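Novice: Quick one: sequence and predicted model below, then my questions.
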Amino acid sequence: MEDGTEQGLRHAVPQILLVDDEEDILPEYQDFLELEGFNSAICSNPEEAAQIVLDYPSISLVITDLRMAKLDGASLIRRLRSMLPQGRRVEFIILTGDPRSHINNDIADIPVFIKPAD
């Protein structure tokens, strides 16, 4: 998680993982979710996000940016879907700053929201 577990994880049982390579936006999203009563974790490295989801079975929702430098959000979703143990269900939401972004058919079931998400 964002440069160490303590910084990205405020609660012992996160329900939601926020993934975005723009580190400055993550705490704002996390604060919003926590004001609404959701425990969340943040991660600025999409390559580490899959392992975090596997390490925390309480995570049932991943909210990810679509365009990231190391690994794009679509690839992250595909990777997670292939890695999750049978019977474990994780939902996804994509955030993107580009309203013209193309979503491939294999992840067309994922809701897409345009940033900034208010």
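Specialist: Yep, that arrived.

Novice: Give the next helix or strand downstream of the lowest-mean-pLDDT helix or strand in the chain.
Specialist: Within the chain, no helix or strand scores below helix 5-8, which has a mean of 44 by mean pLDDT, DSSP states H and E. Using DSSP states H and E, the helix or strand that follows helix 5-8 in sequence is strand 16-19.

Novice: Neighbouring strands of that following strand in the sheet, and parallel or not?
Specialist: Using DSSP bridges, strand 16-19 pairs in its sheet with strand 40-43 (parallel), strand 61-65 (parallel).

Novice: Using TSV, please lay out these together with mean pLDDT, mean neighbour count and distance to residue 84.
Specialist: C-beta: built from backbone N, CA, C; applies to glycine. Converted to TSV, the strands paired with strand 16-19 look like this (pLDDT from 0 to 100; neighbours: other CB atoms under 10 Å; distance: least, CB to CB, whole Å):
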stretch	mean pLDDT	mean neighbour count	distance to residue 84
strand 40-43	95	26	17
strand 61-65	97	22	11
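
Novice: so can I have JSON lines of the ones you listed showing distance to residue 73?
Specialist: Shown next, in JSON lines, are the strands paired with strand 16-19 (distance: least, CB to CB, whole Å):
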{"stretch": "strand 40-43", "distance to residue 73": "12"}
{"stretch": "strand 61-65", "distance to residue 73": "4"}
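
Novice: wait, which of those is closest to residue 89?
Specialist: strand 61-65 (10.1 Å; CB to CB).
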